[in-house]
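Chemist: coordinates only, no sequence provided:
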């Protein structure tokens, strides 16, 4: 029972942290190389070229990444460029696109979320201009190059 209470408290703290980080990013204007879709009417969430999590409620708890290692967004899947502009989402449930950045954009990973089918990472773009922040599916993120 104590384990469940602790887990619920951790979940609430993580939700507050993610909300705060996302709200901060949303308050900044996007860089010229970043597409801002937050105010666009009726932006459709595109289908992913790989399996997504069938039940977002069964997904894991986000955990801090814990390293300052950078990564790059990559819209390539199975050797084919499928997303030249990689979408960043409000969460692993992908209810809203919070922004997008070109394939190859350098990012810092802040949180990871291990899920039954598809893992996600909360990332923040690096470089000149205002930053973008959002969740990206694991296949669209490349580490160490």
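Modeler: Now that the structure is in, tell me what you want to look at. These numbers were taken from a predicted model, which means no experiment stands behind them.

Chemist: what's the burial count for residue 83?
Modeler: Number of residues near residue 83 (other C-beta atoms under 10 Å) recorded here: 20. All C-beta spots, glycine's among them, are computed from the backbone N, C-alpha and C.

Chemist: hmm, it is touching residue 103, no?
Modeler: Yes: under the criterion of C-beta atoms under 8 Å, residue 83 makes contact with residue 103 at 7.1 Å.

Chemist: identify the contacts common to those two.
Modeler: residue 75 (C-beta atoms under 8 Å, 6 or more residues apart in numbering).

Chemist: next helix or strand past the one helix or strand residue 71 maps to?
Modeler: Using DSSP states H and E, residue 71 sits in strand 70-73. Using DSSP H and E, the helix or strand that follows strand 70-73 in sequence is strand 76-77.

Chemist: other SSEs contacting that next one?
Modeler: Counting contacts by 3 or more C-beta pairs under 8 Å, 6 or more residues apart in numbering; DSSP states H and E, strand 76-77 is packed against no other helix or strand.

Chemist: for the protein, which strand is longest?
Modeler: strand 106-113 (DSSP state E).

Chemist: partners of that one in the sheet?
Modeler: strand 63-64 (antiparallel), strand 70-73 (antiparallel), strand 120-125 (antiparallel) (DSSP bridges).

Chemist: share the number of residues neighbouring residue 97, please.
Modeler: For residue 97, the neighbour count with other C-beta under 10 Å is 20.

Chemist: my guess is it contacts residue 89. True?
Modeler: Yes: counting by C-beta under 8 Å, residue 97 does reach residue 89; the two are 6.1 Å apart.

Chemist: quick one, what contacts residue 102?
Modeler: 33, 73, 84-86.

Chemist: save those as CSV, and put in neighbour count too.
Modeler: Converted to CSV, the contacts of residue 102 look like this (neighbours: other C-beta atoms under 10 Å):
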residue, neighbour count
33, 14
73, 25
84, 11
85, 17
86, 25
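
Chemist: out of those residues, which is nearest to residue 140?
Modeler: residue 86 (5.1 Å; C-beta to C-beta).

Chemist: distance of that closest one from residue 136?
Modeler: 6 Å (C-beta to C-beta, to the nearest Å).

Chemist: okay, and the common contacts of these two?
Modeler: Each of residue 73 lies in contact with both residue 86 and residue 136 under the rule C-beta under 8 Å, 6+ apart.
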